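Peer 1: Have a look at this prediction, sequence included:
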Amino acid sequence: MGGLAQPLDMNNHIETLTSSPVSGLSGEMLIPGDKSISHRALILGGMAIGQTKISGLLMGADVLSTLEAVRALGVTITSDAGIITINGVGTGGFIPPKAPLDLGNAGTGVRLLMGAVAGQPISAVFTGDASLSKRPMKRITDPLAMMGAQIAYTPEGDQKGYLPVTITGAQPPLPLSYEMPVASAQIKSAILFAALNARGQTIVTEPHLSRDHSEAMLSHFGVKLTREMLEDGRHRITLEGEVDLHAKDIFVPRDPSSAAFAIVAALITDESHIRLPGISLNPQRTGLITTLQEMGGNIVIENQRIEGGEDVGDIIVKSSQLSGIEVPAERSASMIDEYPILSVAASRAKGKTYMPGVAELRVKETDRISVMAEGLKACGVEVSETNDSMTVIGAGAIKGGATIASQHDHRIAMSFLVLGMVAQNSITMLDVATISTSFPDFAAIMNKSGAHLEAGVKL
């Protein structure tokens, strides 16, 4: 890894984690760096002119997969005392990789890199692990093909758009005006990254605003783009192509999606009081906090500030009695990764929590609606689902006592481990190695604050 620290390796030897009921989480939890921002910092730092230094980069498996892929594209990346230094090659400086780019389980990494490669005069093969190879890619590659990139799936994967896929960049890419069918930061970012080398304006319109880390970071690197909210609620981004990125240092705030597990754990366990410093409060990432506050959660934000162009603050959480609500469908884009842990919070709330507009969950690392519903039912919680919604009836007392397979989905694994903290009987999770993709020290951090997560081996 050229001096880069590896993620905590306990899950390379430990196949299960069992979560037992506890009372009273306390203290300060240091959540790892934001995964979304970390991916973008590596890719755009590699495409900038000059040297970019990154502090706070998440050293999880997903981000390290992106780092190695950027290296394979000819970018020099080193590490010293926790600071990552990238010597960028410019927006047209990637070189053809000598081997397929294996992104492991990194859905964000593979989709954003597809866009970056599609705008450069090279060809690259993209692969991933078994889970990533069953996630749809055509909604990314279809607009990239409209920009002139050549897309070649294998015959087996062509119909559904499954990896591996070979992308040959356009010379140069064509500007594009694209109406996104769904609000997706990954689709939007891939198009914008490809458009950096396009001659003319590329316009991306999304049904409603999704995560805007790419727009913020492109602006941070000196790219001029305009953003506007249309009268009908759609969001439009316009980028003028044939532009250079100028290197600039990046501070990666702590990940709100990882913080979500600690927040919910503290809310639903009795006599809890925790502090989470330096969490990203990007307005497109705070949907879960807003939702939990509406449910009655005692969540206070202190010391709000701007660091590295991103809103940051310290979050204080105390145990609370939650009540079920209907979560606005238009909020889903700002908290799509947090619905698994929200369904855990809902299982402890009084009444019904209805979560509409979440069809996107079915094409994540796994079908998160189905897997969460099955697991919650196994723990004694009443759940119903439709193609794009999920409803949880608060159970008060959670029976637990289940052994659940994560389906190689890190957020599924961590969600049920949080549920085990309040269940009457312990919950055991299989396939816990996947947690290292986003939160390598999850078990250690939670246990330090009072949780009881015990490692074991699969029977």
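Peer 2: Cool, got the structure.
Peer 1: Domains of the protein: list them as residue ranges, please.
Peer 2: Per automatic domain parsing, the structural domains of the chain span 10-33+253-456, 35-251.
Peer 1: tell me the average confidence for the shortest one?
Peer 2: The average pLDDT within domain 35-251 is 95.
Peer 1: Endpoints of that domain, how far apart?
Peer 2: In domain 35-251, first residue to last residue: 12 Å (C-alpha to C-alpha, to the nearest Å).
Peer 1: before we move on, what about stretch 130-142?
Peer 2: Taking C-alpha to C-alpha, stretch 130-142 runs 22 Å from one end to the other.
Peer 1: Just the residues contacting that stretch, thanks.
Peer 2: Identification of contacts with stretch 130-142 by C-beta atoms under 8 Å, 6 or more residues apart in numbering yields 103-107, 110-111, 114-115, 127, 149, 151, 157, 160-165, 167, 181-182, 184, 186-187, 190, 363-366, 407-409. In this view, the C-beta of every residue, glycine as well, is placed from N, C-alpha and C.
Peer 1: Filter the residues you listed down to the ones in helices?
Peer 2: Judged by DSSP state H, helices contain the following of the contacts of stretch 130-142: 107, 110-111, 114-115, 186-187, 190.
Peer 1: returning to what we had before: need the domains of the chain in JSON lines with mean neighbour count, can you?
Peer 2: JSON lines is the format used below for the domains of the chain (neighbours: other C-beta atoms under 10 Å):
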{"stretch": "domain 10-33+253-456", "mean neighbour count": "20"}
{"stretch": "domain 35-251", "mean neighbour count": "20"}
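Peer 1: Check Gly357 and give its pLDDT.
Peer 2: The confidence metric pLDDT takes the value 87 at Gly357.
Peer 1: Just confirm it contacts Ser389, I think it does.
Peer 2: Yes: using C-beta atoms under 8 Å, Gly357 and Ser389 qualify as a contacting pair, with a distance of 7.2 Å.
Peer 1: hang on, the earlier thing: out of the ones in helices among the contacts of stretch 130-142, who's nearest Gly33?
Peer 2: Of all the ones in helices among the contacts of stretch 130-142, Gly33 sits closest to Gly107, with 17.7 Å by C-beta to C-beta.
Peer 1: what residues are up against that closest one?
Peer 2: The neighbours of Gly107, taking C-beta under 8 Å, 6+ apart as the test, are 132, 135, 186, 364-365.
Peer 1: Could you list every helix and strand that the helix or strand where Leu239 lies packs against?
Peer 2: Assigned by DSSP states H and E, Leu239 belongs to strand 235-240. The contact analysis (3 or more C-beta pairs under 8 Å, 6 or more residues apart in numbering; DSSP states H and E) places strand 235-240 against helix 185-195, strand 201-206, strand 225-229.
Peer 1: The first one to strand 225-229, inter-axis angle?
Peer 2: Right, the one you point to is helix 185-195. Helix 185-195 and strand 225-229 meet at an angle of 150 degrees, taking axes from the mean of the first three to the mean of the last three C-alpha atoms, to 10 degrees as the criterion.
Peer 1: Which other helices and strands does helix 185-195 contact?
Peer 2: Against helix 185-195 (3+ C-beta pairs under 8 Å, 6+ apart) you get helix 35-47, helix 107-118, helix 138-146, strand 201-206, helix 213-220, strand 235-240.
Peer 1: same thing but 6 Å
Peer 2: If contacts are counted by 3 or more C-beta pairs under 6 Å, 6 or more residues apart in numbering; DSSP states H and E, helix 185-195 sits against helix 107-118, helix 138-146, strand 201-206.
Peer 1: do you know which of the ones you listed lies nearest Leu245?
Peer 2: helix 107-118 (11.0 Å).
Peer 1: Alpha carbons of the closest one, in CSV - could you do that?
Peer 2: Extracted in CSV, the C-alpha atoms of helix 107-118 (Å, rounded to 0.1, in the frame of the first residue of the first chain):
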residue,chain,number,x,y,z
GLY,A,107,-20.3,1.2,-5.7
THR,A,108,-19.5,4.9,-5.5
GLY,A,109,-15.9,4.4,-6.5
VAL,A,110,-16.7,2.4,-9.6
ARG,A,111,-19.5,4.6,-10.8
LEU,A,112,-17.6,7.9,-10.4
LEU,A,113,-14.4,6.5,-11.9
MET,A,114,-16.5,5.3,-14.9
GLY,A,115,-17.4,9.0,-15.5
ALA,A,116,-13.8,10.1,-15.1
VAL,A,117,-12.5,7.5,-17.6
ALA,A,118,-15.3,8.1,-20.1
